[in-house]
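[1] the amino acid sequence is not available; the structure is as follows:
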Ligand SMILES: Nc1nc2c(c(CN[C@H]3C=C[C@H](O)[C@@H]3O)cn2[C@@H]2O[C@H](COP(=O)(O)O)[C@@H](O)[C@H]2O)c(=O)[nH]1
């Protein structure tokens, strides 16, 4: 994920709406270095897990739909994860590749037990079809086969997903440069690692290469911690719940500076305190803090990527 790291750093070195406050970042690191909060994967108890290939299929479907909940005040990630789990428990073939290719919007809504159209529903359906079609065409219909072909490398898995599934190619243009963020592809690797506790389908020798997952929760937490500084215009937009356009400088800076800030935290933990920490662990700590603190305002961007 060198591209994610270097292109995010590139944005952070030229950004004007968002800045990483290195002094505040150091203060946070000084505070947490001897008791880095560890949050367990599935601390909520909402995910499907059977220790086998069906779990891999479930996680790929979950992460294909893991974006943009905020337009509906009542919808959140927990609801998605737990309703997909219930659907699979009720019908073990619900996520078979041929079934994925045929869901309609109303059927998806029914599966998720949601009484009204989902945010970006047509996109969600299209992305499900894309996953089903490509799984069938290249991996015998099995997400587990996709994972098996990456040689226990999370980096290869992310690259493979980006190559096969256009909907996972999370990138942006910023001042003419291509910036790679790969939120859903990376979170799929991290979910496997977390669910299978680093064994079997979750065994990756290079899990430390994964960065955080630039969504709309983590930037809000980093702002709350003082690690990210926002311009007053951006602060106003976020606090007044104004939509921020996908691909705008503000949006790219929010996401890229979040990635860069957490990479800097890791670096400091290693150089100042000799502590080797994974971005995946820092991400889960920050994200869990963010979703428990519902008063934090987050940026609102219509996007299929996060
Ligand atoms: N950075 C980061 N972003 C994450 C997650 C997760 C869930 N990961 C699971 C894995 C193990 C744990 O047990 C978690 O359950 C979801 N999101 C993002 O949050 C947003 C949804 O927010 P809200 O509208 O409040 O539900 C949306 O952009 C969604 O894509 C994460 O881990 N890291």
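    Yep, it's here. As the structure is a computational prediction, the values presented were derived from the model and not from experiment.
[2] which parts of this protein are helices?
    2-12, 22-32, 53-64, 77-90, 97-100, 105-111, 121-139, 143-148, 154-164, 183-195, 218-224, 232-239, 249-273, 279-292 (DSSP state H).
[3] among those helices, which is the most enclosed?
    Ranked by mean neighbour count, these are led by helix 183-195 with a mean of 25 (mean count of other CB atoms under 10 Å). Quick note: C-beta positions are derived from backbone N, CA and C, even for glycine.
[4] quick check: the gap between the nearest residue to residue 29 once chain neighbours are set aside and residue 245.
    Leaving aside its chain neighbours, residue 29 sits nearest to residue 268 (4.7 Å; criterion: CB to CB, 6 or more residues apart in numbering). Counting by CB to CB, to the nearest Å, the gap from residue 268 to residue 245 is 33 Å.
[5] same deal with residue 149?
    From residue 149 to residue 245 the distance is 37 Å (CB to CB).
[6] related to what we said a few turns ago, I figured the residue nearest to residue 29 hits residue 31, correct?
    No: counting by CB atoms under 8 Å, residue 268 stays clear of residue 31, with 11.9 Å between them.
[7] what's near enough to touch the nearest residue to residue 148 once chain neighbours are set aside?
    Among residues not flanking residue 148 along the chain, residue 201 sits closest, at 7.9 Å (CB to CB, 6+ apart). Residue 201 is in contact with 53, 55-56, 144, 147-148, 192, counting by CB atoms under 8 Å, 6 or more residues apart in numbering.
[8] which of the residues you listed sit farthest apart?
    Checked with CB to CB, the contacts of residue 201 reach their widest spread between 55 and 148, with 13.7 Å between them.
[9] the ligand contacts on the stretch 101-250 of the chain?
    Neighbours of the ligand within the stretch 101-250 of the chain, by CB under 6 Å from any ligand atom: 191, 194, 212-213, 215-218.
[10] what's near enough to touch the nearest residue to residue 264 once chain neighbours are set aside?
    Excluding its sequence neighbours, the residue lying closest to residue 264 (CB to CB, 6+ apart) is residue 25, at 5.8 Å. By CB under 8 Å, 6+ apart, residue 25 lies in contact with 227, 261, 264-265, 268.
[11] output the helices of the chain as JSON lines; include the columns distance to residue 301 and mean pLDDT.
    Below are those laid out as JSON lines (distance: least, CB to CB, whole Å; pLDDT from 0 to 100):
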{"stretch": "helix 2-12", "distance to residue 301": "16", "mean pLDDT": "98"}
{"stretch": "helix 22-32", "distance to residue 301": "24", "mean pLDDT": "97"}
{"stretch": "helix 53-64", "distance to residue 301": "18", "mean pLDDT": "98"}
{"stretch": "helix 77-90", "distance to residue 301": "16", "mean pLDDT": "98"}
{"stretch": "helix 97-100", "distance to residue 301": "26", "mean pLDDT": "98"}
{"stretch": "helix 105-111", "distance to residue 301": "22", "mean pLDDT": "98"}
{"stretch": "helix 121-139", "distance to residue 301": "14", "mean pLDDT": "98"}
{"stretch": "helix 143-148", "distance to residue 301": "28", "mean pLDDT": "98"}
{"stretch": "helix 154-164", "distance to residue 301": "20", "mean pLDDT": "98"}
{"stretch": "helix 183-195", "distance to residue 301": "12", "mean pLDDT": "98"}
{"stretch": "helix 218-224", "distance to residue 301": "11", "mean pLDDT": "98"}
{"stretch": "helix 232-239", "distance to residue 301": "11", "mean pLDDT": "98"}
{"stretch": "helix 249-273", "distance to residue 301": "5", "mean pLDDT": "98"}
{"stretch": "helix 279-292", "distance to residue 301": "16", "mean pLDDT": "96"}
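[12] okay if I get those as a markdown table plus distance to residue 299?
    A markdown table is the format used below for these (distance: least, CB to CB, whole Å):
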| stretch | distance to residue 299 |
| --- | --- |
| helix 2-12 | 15 |
| helix 22-32 | 19 |
| helix 53-64 | 21 |
| helix 77-90 | 16 |
| helix 97-100 | 31 |
| helix 105-111 | 26 |
| helix 121-139 | 19 |
| helix 143-148 | 31 |
| helix 154-164 | 24 |
| helix 183-195 | 14 |
| helix 218-224 | 7 |
| helix 232-239 | 5 |
| helix 249-273 | 6 |
| helix 279-292 | 12 |
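[13] nearest to residue 44 among those helices would be which one?
    Nearest of the helices of the chain (CB to CB): helix 77-90, 5.9 Å.
[14] determine the angle, from 0 to 180 degrees, between that closest one and helix 121-139.
    Using axes from the mean of the first three to the mean of the last three CA atoms, to 10 degrees, the inter-axis angle of helix 77-90 relative to helix 121-139 is 50 degrees.
[15] mind giving me the packing neighbours of helix 77-90?
    Judged by 3 or more CB pairs under 8 Å, 6 or more residues apart in numbering; DSSP states H and E, the packing partners of helix 77-90 are helix 53-64, helix 105-111.
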